[in-house]
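> quick check, what structure comes out for this input:
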Amino acid sequence: MTLDGKIAASTGHAAWVSSKMSRKQVFETRSRSDAIVVGGNTVRRDNPRLTTRQEGGHLPIRIVMSRTLNLLEDANLWDVSTTQTIVATQRGARRDFQRRLTSKGVEVVEFDILTPRAVMDYCYDRGFLSVLWECGGALSAPAIAFGVIHKVIAFVAPKIIGGVTAPSPVGELGMVEMTQALNLTDVSFQQIGPDMLISGYLQPIPDLVPTIPAMEAASIVNPIAVSTSNGPNIICFYKAWDVYGSFSNFSPHPISMPDSNGDYIIWKSVEHYYQKFEGVHDSIAQECIKRIRSAESPEEAARMGRSLERQRPDLVRHNWESVKVDIMYRALKSKFSTYSHLSSLLVSTAGSVLVEASPRDLFWGGGREGEGLNHLGRLLMRIRAEILGDNSDSYGMEFSTIQSSRA
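Next up, the predicted model:
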């Protein structure tokens, strides 16, 4: 990157930021790696080959992460004559394009929820133990947030390019104070030609590690489970600071979700992500989304969204009512896939009906007298069943149970 922290100009032009000697060092790092991971943006903008430029040496596997498969038809990475390419994508994405890739010899792997953690778990299963994430800021940020980056290697060139929109090596991490900055350990410095190579080891992000009771503790302490004589226990949750408050979409657990280009963005909570203006091509809606992403708390994000909806109901996406449940489901799925302690807490409620105890929200909550639809509780029970490997239709089954037990 340049001295002012840019990996390309505002136009996207990046040839070359670093010197030839630094690039040679990158080739050598590739040759010591089992696999290289890039995102869709890198494929679209740079069309790389990700080779080592060395004759007869080791060639790493090349992995492309793309949720939408909005990729070049004739990308250099589809040439697998010298080394293998794997495309990791969301299940069901562009089946016709998948077939074209496989016909060229590219391996396509589908994931239920495509995240850096899921890809690293896959790499581990395949025996790829040294994985080089050679990606831009849109993918490096979620990779750091998911805790899959252990060592950072940064080449800093003595150049200044400027540009407000010029890309930087790491995207949004949800940090708002310098005290939250991540410090490298065992840092080393080496001059490579005119450039400076800085490397060090990265610790997990403290703010993203939830403090939630383990499964054993959660199964013992259950102060808000309501026992009924003619039905199962009902576990109510509402405020984020309650024992089961982490089930709320207001709980402060950042999630990584793909945008329309398949690039992952960090949202500070499920509530930050669950907004009605995504995909609306209007400057006011887009500006509101940016402010919501930067909101200090889920409550503030919710207020911003409701305020704009009241002022400009025409900006709400036209199909919102038909997609909002699926949007919430995908956000919750990401949340419980990211935080193993949350998943354990959710599993510990097996056999109980989960109710979002909002007295006013009769769509997501259960209402004051059980008159609400409780869609949030139903989605959580659906995810719980998926984690447990239960193939029954828990979404409908457990909803009918709660209605009958609270009638």
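
> quick check: pLDDT value at Phe155.
Phe155 is assigned a predicted lDDT (pLDDT) of 96.

> test my guess that it contacts Met196.
Yes. Counting by C-beta atoms under 8 Å, Phe155 sits close enough to Met196 to count as a contact (7.4 Å). All C-beta spots, glycine's among them, are computed from the backbone N, C-alpha and C.

> neighbour count: these two, which is higher?
Between Phe155 and Met196, counted using other C-beta atoms under 10 Å, the more crowded position is Phe155 (22 against 16).

> so that one, which state does it fall into?
At Phe155 the chain is in strand, as set by DSSP: H, G, I helix; E, B strand; the rest coil.

> next one: Gln191
Per three-state DSSP, the secondary structure class of Gln191 is strand.

> can you give me the neighbour number for it?
9.

> ok, now how distant is Gln311 from Pro298?
Using C-beta to C-beta, to the nearest Å, Gln311 is found at 21 Å from Pro298.

> show me which of these two is the more surrounded one.
Using other C-beta under 10 Å as the criterion, Gln311 and Pro298 rank with Pro298 on top: 24 against 11.

> pLDDT value on the more buried one, please?
So Pro298 comes in at 86 (pLDDT).

> what about it, distance to Gly367?
Distance of Pro298 to Gly367, given as C-beta to C-beta: 21 Å.

> equivalent analysis for Met65, please.
Taking C-beta to C-beta as the measure, Met65 falls 41 Å from Gly367.

> which of these two has more neighbours?
Comparing Met65 with Gly367 by neighbour count (other C-beta under 10 Å), the higher total belongs to Met65, at 30 against 19.

> need the contact list for that one.
Met65 makes contact with Val37, Val38, Gly39, Gly40, Ala88, Thr89, Leu114, Pro116, Val119, Leu139, Gly262 under the criterion C-beta atoms under 8 Å, 6 or more residues apart in numbering.

> Asn249: which of those is nearest?
For the contacts of Met65, the closest approach to Asn249 (C-beta to C-beta) belongs to Leu114, at 21.2 Å.

> that closest one against Pro258, yeah?
Yes. If you go by C-beta under 8 Å, Leu114 and Pro258 touch, sitting 7.2 Å apart.

> any shared contact partners between the two?
Listed contacts common to Leu114 and Pro258 are Arg67, Gln90; contacts here mean C-beta under 8 Å, 6+ apart.

> phi, psi for the closest residue to Val316 other than its chain neighbours please.
In space, and not counting its chain neighbours, Val316 is closest to Lys276: 4.6 Å by C-beta to C-beta, 6 or more residues apart in numbering. Dihedral pair for Lys276: phi -100, psi 0, per degrees, to the nearest 10.

> what residues are up against Lys276?
Residues in contact with Lys276 (C-beta under 8 Å, 6+ apart) are Gly305, Glu309, Val316, Arg317, Trp320, Lys324.

> export those residues as a markdown table, with columns for distance to Ser10, neighbour count and secondary structure.
A markdown table is the format used below for these (distance: C-beta to C-beta, whole Å; neighbours: other C-beta atoms under 10 Å; DSSP: H, G, I helix; E, B strand; the rest coil):
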| residue | distance to Ser10 | neighbour count | secondary structure |
| --- | --- | --- | --- |
| Gly305 | 30 | 22 | helix |
| Glu309 | 33 | 17 | helix |
| Val316 | 32 | 17 | coil |
| Arg317 | 29 | 17 | coil |
| Trp320 | 34 | 16 | helix |
| Lys324 | 36 | 16 | helix |
